[in-house]
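S.K.: Pasting a predicted model and its sequence here:
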Amino acid sequence: MATNSVTHPGTVINVFKETVTVSVESSEACGSCSSRSACSLGVQSNTRNILVNTTDAASYSVGNRVVVSTRTQMGLMAVALCYLIPAIVLVGSLATAVQLCESEGISAVISLLCVALYYGVLCLCRGKIAKKVSFTIEKL
């Protein structure tokens, strides 16, 4: 495993053609991980399912212990797409709307609609984004 990657042990829960579904449990080690702010595994639930596309899916079976990894940059990209850019859109559209409109209420609604539009476009582009985000899998 490369040093610029984030890894998590997990268990294979499903294998289908070229896709392996891995159940990953967040651990106490997440608290000291330098990438925890960019990784959703340490938040909310203790278990997450990750879909890993691999041409070697037939070599895995349900119950196998594996290690799933991704590059640190993937987590940072996700944080930028989900939090940083929408914040910029919100503040920028609010500042612009306040200058153009007389009502602060209308300006707030316009800025929220701009953020909703951003997330709608992001949702439409999820296929392209999914191609850029890649996980690798290795048996333990």
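M.R.: Received it, and whenever you're ready, just let me know what you need.

S.K.: Packing partners of the helix ranked longest in the chain?
M.R.: Criterion DSSP state H: the longest helix present in the chain is helix 104-124. Here helix 104-124 touches helix 85-100, going by 3 or more CB pairs under 8 Å, 6 or more residues apart in numbering; DSSP states H and E. Where you see a C-beta, it was placed from the backbone N, CA and C, and this is true even at glycine.

S.K.: Which secondary structure elements does the helix it packs on sit against?
M.R.: So helix 85-100, by 3+ CB pairs under 8 Å, 6+ apart, packs with helix 104-124.

S.K.: Other residues contacting the helix it packs on?
M.R.: Residues outside helix 104-124 that contact it (CB atoms under 8 Å, 6 or more residues apart in numbering) are 81, 85-86, 89-90, 93-94, 97-98, 101, 129.

S.K.: please redo it, this time with the cut-off set to 7 Å
M.R.: 81, 85-86, 89-90, 93-94, 97-98, 101 (CB atoms under 7 Å, 6 or more residues apart in numbering).

S.K.: which SSE is the residue nearest the centre of the chain in?
M.R.: Central residue of the chain (CA atoms, centre = their mean): A78, 4.9 Å from the mean position. Assigned by DSSP states H and E, A78 falls within helix 72-79.

S.K.: buried ones in that helix?
M.R.: For helix 72-79, the neighbour count (16 or more other CB atoms under 10 Å) marks 72, 74-75, 78-79 as buried.

S.K.: Tell me the secondary structure at the residue in the chain sticking out farthest from the centre.
M.R.: For the chain, the largest distance from the centre (CA atoms, centre = their mean) belongs to E102, which lies 38.3 Å off. Counting by DSSP: H, G, I helix; E, B strand; the rest coil, the backbone at E102 sits in coil.
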